[in-house]
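K.L.:
Give me a model of this one.
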Amino acid sequence: MKLSIIIPHHNGKKLLFDCLESLFDNISIDSFEVIVVDNHSNDGSADEAKIQFPSIHLLKSKKNLGYSGGCNFGAKKAIGEYIIFLNNDTLHTKNWIEELINFLDNNPHAGAAQPKILNAIDKDTFDYAGGAGGYIDKYCFPFVRGRLFNTLEKDLNQHDSAKKIFWASGAAFIIRKELLHELNFFDNIFFAYMEEIDLCWRLQALGWGIWNVPTSVVFHYGKQTIKQNSFKSHYLNHRNSWILFIKNSPSFEKGMLIIKRFILDQMAAIYSILTLDFKRFLAIFYSHFWLIYNLRVIINVRKNNDLRHKNLDLIYNGSIAIDYFFKRKKYFNQIFE
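P.N.:
Numbering: from 1, shown residues only. Below you'll find the model as predicted:
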């Protein structure tokens, strides 16, 4: 079989039904399977989806495994040569899958790729989560072509060239199945947010490239399972950024880099107070508490990561936070091109 499409799902009948209907309406290849991983939903949406779309394979978890665990659950059952991981709050365009498959078929050194991801509500604006491909700075703050922090660019074809990227968005990306097995899947320590960055980091350390394919287009609602600006969203983002930093950064042992990263967090906390964003302030505090309490576990994760000493070209050597908030650089082309 050529392709397995894995959709992790936790509640939301309309989102899932719209996603599956759009998916089946816009796929033309014959050799594929769709695996919906139900992360312990309590609204009956997954069972109803199986009735409405009987060709899907429905896997049920006895607990919410998060994005990483849900994707891993489905991937271990997948039989396709390629795997697409797809959020349940996405809508699709004609031939988006075929464009991704053709790109990997024709580029044997590409290990993974993502489509251009636009906002599902404002369709001429880049999506927050994926845009035209992701990057990261040396402090492990992520950003994307088409979005820096909360500044979303309009899609004016400025990012329509296929380029190597640092990470492909978990909202929609394709990967070679044998590489996913070689990497031992997503790391479940993340639960949700940035697990795809960790996976792509390790993939590049093995020598594989990751690309955006702008001729493939997907629309994404975003922040439907974990609401944007919620405490949980802020907490997981700050916590997982630190996990990413400790686990993978070849410069982690440099004491000054750690101090600078901690200072950036304190600046974010102060900014949160000044803007009355107390949920973010508490999220930063609790993420630091979690890190201190689990530091031995994370250090062991780093020690077991044989790829941690790899220096990768696409890590931005500056601070995206300093550039954005102090140097007033609001657009990707002011930073990276």
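K.L.:
what is the mean pLDDT for the helix or strand residue 302 falls within?
P.N.:
Following DSSP states H and E, one finds residue 302 within helix 295-303. The average pLDDT for helix 295-303 rounds to 88.
K.L.:
cool, stretch 128-140 as well?
P.N.:
Stretch 128-140 shows an average pLDDT of 95 in the prediction.
K.L.:
Show me what the biggest strand by length in the chain is packed against.
P.N.:
With secondary structure taken from DSSP state E, the chain has its longest strand at strand 209-220. Using 3 or more C-beta pairs under 8 Å, 6 or more residues apart in numbering; DSSP states H and E as the contact test, the elements touching strand 209-220 are strand 90-92, helix 96-106, strand 110-119, helix 195-205. For glycine as for every other residue, the C-beta is placed from the backbone atoms N, C-alpha and C.
K.L.:
what do you get if the cut-off is 10 Å, keeping everything else the same?
P.N.:
Using 3 or more C-beta pairs under 10 Å, 6 or more residues apart in numbering; DSSP states H and E, the elements in contact with strand 209-220 are strand 90-92, helix 96-106, strand 110-119, strand 172-176, helix 195-205.
K.L.:
Does anything pack onto the helix holding residue 302? Which helices or strands?
P.N.:
Helices and strands touching helix 295-303, by 3+ C-beta pairs under 10 Å, 6+ apart, are helix 231-248, helix 278-293.
K.L.:
where's residue 323, which helix or strand?
P.N.:
Secondary structure from DSSP H and E places residue 323 in helix 320-325.
K.L.:
what's next to that helix, contact-wise?
P.N.:
When contacts are defined by C-beta atoms under 10 Å, 6 or more residues apart in numbering, helix 320-325 is touched by residues 135-139, 141-143, 148-151, 260, 264-265, 267-268, 271, 316, 319, 329-331, 334-336.
K.L.:
remind me which residues of the chain are low pLDDT?
P.N.:
Counting by pLDDT under 70, the chain has low-confidence residues at 223-227, 253-254, 309, 337.
K.L.:
so which strand or helix has residue 72?
P.N.:
Secondary-structure element containing residue 72, defined by DSSP H and E: helix 66-75.
K.L.:
next structured bit after that helix?
P.N.:
Toward the C-terminal end, the helix or strand that comes next after helix 66-75 (DSSP H and E) is strand 82-86.
K.L.:
What is that next one packed up against?
P.N.:
When contacts are defined as 3+ C-beta pairs under 10 Å, 6+ apart, strand 82-86 sits against strand 3-9, helix 13-25, strand 32-38, helix 66-75, helix 96-106, strand 110-119, strand 172-176, helix 177-182.
K.L.:
do that again at 7 Å, thanks
P.N.:
For strand 82-86, the packing partners by 3 or more C-beta pairs under 7 Å, 6 or more residues apart in numbering; DSSP states H and E come out as strand 3-9, helix 96-106, strand 172-176, helix 177-182.
K.L.:
what pairs with the third one, and is each one parallel or antiparallel?
P.N.:
If I follow you right, that is strand 172-176. strand 82-86 (antiparallel), strand 110-119 (antiparallel) (DSSP bridges).
K.L.:
what's the angle from the longest one to helix 96-106?
P.N.:
Counting by axes from the mean of the first three to the mean of the last three C-alpha atoms, to 10 degrees, strand 110-119 points 160 degrees away from the direction of helix 96-106.
K.L.:
count of neighbours near the closest residue to residue 248 other than its chain neighbours?
P.N.:
If you skip the residues right next to it in sequence, residue 248 has residue 201 as its closest partner in space, 4.9 Å away by C-beta to C-beta, 6 or more residues apart in numbering. Using other C-beta atoms under 10 Å, residue 201 is surrounded by 26 other residues.
K.L.:
about what we covered before: using CSV, lay out the helices and strands packed on strand 209-220 together with distance to residue 27.
P.N.:
Rendered in CSV, the data for the helices and strands packed on strand 209-220 read as follows (distance: least, C-beta to C-beta, whole Å):
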stretch, distance to residue 27
strand 90-92, 8
helix 96-106, 5
strand 110-119, 13
strand 172-176, 13
helix 195-205, 22
